[in-house]
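# Sequence and predicted model, in that order:
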Amino acid sequence: MTRPDTALESSSATEPDTALEEADPAMPLHLACPNCGATDLVTDAGSRFCEECGYALAEPVTGEEEPAATDAPRACVSCGGTEIDAEGYCTDCGDLQPRRRDRMEVDLRVVAGISDRGLRHHRNEDSMALRPAVTPDGRTVVVAVVCDGVSSSERPDEASAAAVSAAARLLLTGVAGGEVGGDVGDEGGGGGGGGVGGVPGGRLGAEALTAQAVRTADEAVAALSRDSDHGNPPACTFVSALVGAEGGVTVGWLGDSRAYWLDADGGSRQLTRDDAEEGSHAIEAWLGDDSGAPEPHVLSFDPPGPGVVLVCSDGLWNYVDAASDLAALALPQAATEPMAAAARLVRTALDAGGHDNITAVLVPYPVPASAEPAA
Amino acid sequence: MSQYPNFAFEINQNEFLAAGVREVHAVVTLTAAPGAGGSSAPQAYGSSAAGASGKDNVEVIIIDCSGSMDYPRTKMMAAKEATRVAIDTLTDGAYFAVVAGTEGARVVYPTGGHLLRADYQTRAQAKDAVSRLAANGGTAMGRWLAQANRIFDAHPHAIKHAILLTDGKDESETPADLARAIQSSIGNFTADCRGIGEDWEVGELRKISEALLGSVGIIREPARLAEDFREMTVNSMGKEVADVALRLWAPKGAVVRYVKQVSPTLADLTGMRIPGDNPLTGDYPTGAWGAETREYHICVEVEPGNIGQEKLAGRVQLVAKDSGGATLLGEDKIRAVWTEDEDLSTRINGRVAHYTGQAEMAQAIQEGLDAQKAGDLDTATARLGRAMDLAVESGHEDTVKMLRKVTEVDPATSKVRAKAKVDKGDAMELDVVSTKTVRAKRS
């Protein structure tokens, strides 16, 4: 199967509205397989595996994946030395090379994100998971999840990694119309499957799906707890966005990770409201064994026009809090090159001190029906 | 299966450093398990171990035969008796020699130019030669060491150990002569040194024993010498592996501030570094090992990293050098992680702190004794008082006992002060014990 050339023009972000309307609903989404790198990958409505390697397409991309074996060995980031020992230390200057989690970058064109250790923490306790999915009726919905491990808990990095994967997997499956379990279908107002596209009242479906994703992530983090955690089981925050769900945006969150709507027309705003006292970093809700199964906050938002959805951890918004300031930094680049814009946001936080882990995921809106494969 | 004993390898450190800190400290604890062929228990008279594990022992006993050994005559008599006991303690099959040290160094046994293995006959011949030793001449310990070096040269891969006994100062050669002889012996053999009486210099013997990775001891009662010689010989015969080195890699631009043995005794190995194949690597000799535990304090100065950066400040390997090159016996890492978290960076590693205190105690004792000898009682009081605090704090009872002999409690302040007059032997005994450390408690 090949992609019609016209799709390239029609998906141009400078004419997003027409692109969305003119797109053939049956148009397949073109992507690189995150596992084998096959670029002729085609995700039809309903197909959930890479035809080349069988990789499950409900598997989100986190940036933590093993690099391809063909990647050239890397030089030492500190001294340029060419030999890195089996434990990751440079055999010249001794510096431990960045671990994969220290700087995770994912560029899928329709969504891009960076998660960075920052300058003051010795590990990155943030995680992200992203990926577009295609609804049974052929629309593209982008899934983005960011979680920030609670530093005072045990193994916060494992907590956030487990949470983003569990939530994104459920969201991707749900969007594609798969069975996700739970009571999503009921809350979705009847109609089969519980998927975003498969449910007549699609918005309600997206909200119910989001709530289910939070619960699933909560269970995944709770499953990490051990007796030896001494009352500090792994814990993390949560924020997710479904962008393109029935043409809108649905966000869900717990804690102080945020979603913003950014546009160039003065409509930029923070979509989430922190579970924390103003100016305090003591969050009042989280995921994990001691979360008390809190009711997640879920809301939907009708974008007034083209823009970009930013999903981020407090390592970013500690330095740039106001939606208009974030918009000024990210736009207009974010609309066409979300990866470069995410890099700019993260760089801003690093230059300002980088005291916490920084994660920024950008989803241009509207979501094109078809996208170029990632390079 | 390796012919070497198994080594347990442990590194204790606080790897977390505040911003800008360059010094990284670590204590390496090495424990050799009893080897397959040998036994850690003291061996009985004439017991046979040679050949069983394929190792060869060479023992050279150097006896001071300067004229003063006859004043009093009990010194020479005790030296002869102790040497006979040592010969009887050798395991069957061990090579051995007896050297009479004066301004020269004469091999009194064997006389045929090459070493013989210990058996009934060679022991009897050697003891006979020892009985004919006479005290007559000077003292040139550098020449004694050079003679031992020549004897050992014929047995490059054996476990080589010397016992050196003297009663006086190194008067028949210059200090530079002695230093040169010590330098050319480093890494070739190990030596335990003993001084009998009170006319020898603790500092002089310590230079030899520290460089040759052995102990220094004072014999105040000649009757105790034989038992001491027996113990040293048992210990030497119990060694399983001849030539073991600490191989230290440090990153480019780093400075190895020191590598010190800190248990069971203090010995600075820093100057004994032998450059490795790679310019970042060097070997520090640790001599021969039996079933025993030793600890080493390593300090490396590195270029500080950014907050959050982790650097490998050192990779420590234990290697046995043998005819086949070198065999790796164990390894571990010294890490450095720069952090702004003060809870982490101010954490004290108990073992590093303990041995830092033991080294300070040794230095305070030696400085205090020097000041006391020179009549500077204020300095002596300050230094010996500090040593007393550290000795009490670390539970070093031998040192506390000996410090009491050279100090008294000032009735006005109830504080320790240096005595104006002390017994010379007491001061020497304290000096000798100053470099013996107590083990850090398990944390």
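Nice, thanks for sending it over. The model shown is predicted, which means the values in this text are computed figures rather than measured ones. Residues are numbered from 1 along each chain as shown, chains lettered A, B, ... in the order given.
# Which residue ranges of the stretch 201-350 of chain A form helices?
For the stretch 201-350 of chain A, helices defined by DSSP state H, counting those that start in this stretch occupy the ranges A:202-222, A:314-317, A:323-330, A:333-336, A:338-351.
# which stretches of chain A aren't confidently modelled?
A:1-57, A:67-73, A:178-204, A:247, A:369-375 (pLDDT under 70).
# most distant residue from the middle of it?
No residue in chain A sits farther from the centre than residue A:92, which is 37.1 Å out by C-alpha atoms, centre = their mean.
# count of residues packed around residue 229?
Answering for chain A, as no chain was given. 17 (other C-beta atoms under 10 Å in any protein chain shown). C-beta coordinates here come from the backbone N, C-alpha and C atoms, glycine included.
# Chain B was what I was after
27.
# So it sits against residue B:163, correct?
Yes: counting by C-beta atoms under 8 Å, residue B:229 touches residue B:163, with 6.5 Å between them.
# How about chain A: which residue is closest to chain B?
Using C-beta to the nearest C-beta, the closest approach of chain A to chain B is made by residue A:94 at 3.3 Å.
# For that residue, grab phi and psi.
phi 80, psi -10 (degrees, to the nearest 10).
# how about the residues of the stretch 151-300 of chain A that lie near chain B?
By C-beta under 8 Å from any C-beta of the partner chain, no residue of the stretch 151-300 of chain A approaches chain B.
# For residue B:393, give its distance to residue A:311.
Distance, residue B:393 to residue A:311, by C-beta to C-beta, to the nearest Å: 56 Å.
# about what we covered before: show me the contacts for the residue of chain A closest to chain B.
B:250, B:251, B:252, B:254, B:302, B:311, B:312, B:313 (C-beta atoms under 8 Å, 6 or more residues apart in numbering or on different chains).
# okay, the residue nearest to the fifth one when sequence neighbours are not counted: pLDDT?
Of all residues not flanking residue B:302 in the chain, residue B:254 sits nearest, at 4.6 Å (C-beta to C-beta, 6 or more residues apart in numbering or on different chains). As predicted, residue B:254 sits at a pLDDT of 96.
# re earlier: and the helices of the stretch 201-350 of chain A, which is most packed in?
helix A:314-317 (a mean of 26; mean count of other C-beta atoms under 10 Å in any protein chain shown).
# Which strand or helix spans the spatially most central residue of chain A?
Centroid-nearest residue in chain A, with C-alpha atoms, centre = their mean: residue A:144, separated by 2.7 Å. Using DSSP states H and E, residue A:144 sits in strand A:140-148.
# Direction included, what does that strand pair up with?
Counting by DSSP bridges, the strands paired with strand A:140-148 are strand A:126-134 (antiparallel), strand A:238-245 (antiparallel).
# chain center to that strand: distance?
Relative to its parent chain, strand A:140-148 has a centroid offset of 3 Å by C-alpha atoms, centre = their mean, to the nearest Å.
# Taking strand A:140-148 as reference, get the angle to the next helix or strand after that strand.
Per DSSP H and E, the first helix or strand lying C-terminal to strand A:140-148 is helix A:156-175. Relative orientation of helix A:156-175 versus strand A:140-148 (axes from the mean of the first three to the mean of the last three C-alpha atoms, to 10 degrees): 160 degrees.
# by contact count, what packs against helix A:156-175?
strand A:126-134, strand A:140-148, helix A:202-222, strand A:235-236, strand A:238-245, strand A:287-288 (3 or more C-beta pairs under 8 Å, 6 or more residues apart in numbering or on different chains; DSSP states H and E).
# Could you check the angle it makes with helix A:202-222?
Going by the same axes, to 10 degrees, helix A:156-175 is angled at 150 degrees with respect to helix A:202-222.
# CA atoms of helix A:156-175 as CSV?
C-alpha atoms of helix A:156-175 as CSV (Å, rounded to 0.1, in the frame of the first residue of the first chain):
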residue,chain,number,x,y,z
PRO,A,156,10.2,7.1,41.5
ASP,A,157,11.7,6.5,38.1
GLU,A,158,10.2,3.1,37.9
ALA,A,159,6.9,4.5,39.1
SER,A,160,6.6,7.1,36.3
ALA,A,161,7.8,4.6,33.7
ALA,A,162,5.2,2.0,34.7
ALA,A,163,2.5,4.6,34.8
VAL,A,164,3.1,6.2,31.4
SER,A,165,3.3,2.8,29.6
ALA,A,166,0.2,1.4,31.3
ALA,A,167,-1.8,4.5,30.6
ALA,A,168,-0.7,5.0,27.0
ARG,A,169,-1.2,1.4,26.1
LEU,A,170,-4.7,1.5,27.4
LEU,A,171,-5.4,4.8,25.6
LEU,A,172,-3.9,3.6,22.3
THR,A,173,-6.0,0.4,22.4
GLY,A,174,-9.1,2.3,23.3
VAL,A,175,-8.7,4.9,20.6
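# for the stretch 51-200 of chain B, what spans make up the strands?
B:57-64, B:95-101, B:105-109, B:116-117, B:159-166, B:190-196 (DSSP state E, counting those that start in this stretch).
# Single out the most deeply packed of the ones you listed.
strand B:159-166 (a mean of 27).
# what does the stretch 251-400 of chain B put close to chain A?
B:251-254, B:280, B:302-303, B:305-313, B:333, B:337, B:339-340.
# Buried ones only from these, please, as a ChimeraX command.
Restricted to buried positions by 16 or more other C-beta atoms under 10 Å in any protein chain shown, the ChimeraX selection for those reads:
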select /B:251,254,280,302,303,305,307,308,309,310,311,312,313,333,337,339
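# mind listing which of the residues of the stretch 251-400 of chain B next to chain A are in strands?
B:310, B:311, B:312, B:313, B:333, B:337 (DSSP state E).
# Find the pair from those with maximum spatial separation.
For these, the maximum inter-member distance is 11.7 Å, found between B:333 and B:337 (C-beta to C-beta).
# overlap in contacts of those two?
What both residue B:333 and residue B:337 touch, as defined by C-beta under 8 Å, 6+ apart, is an empty set.
# can you map out the strands along the stretch 201-350 of chain B?
B:216-219, B:241-249, B:255-263, B:267-268, B:274-275, B:281-289, B:293-301, B:310-322, B:325-338.
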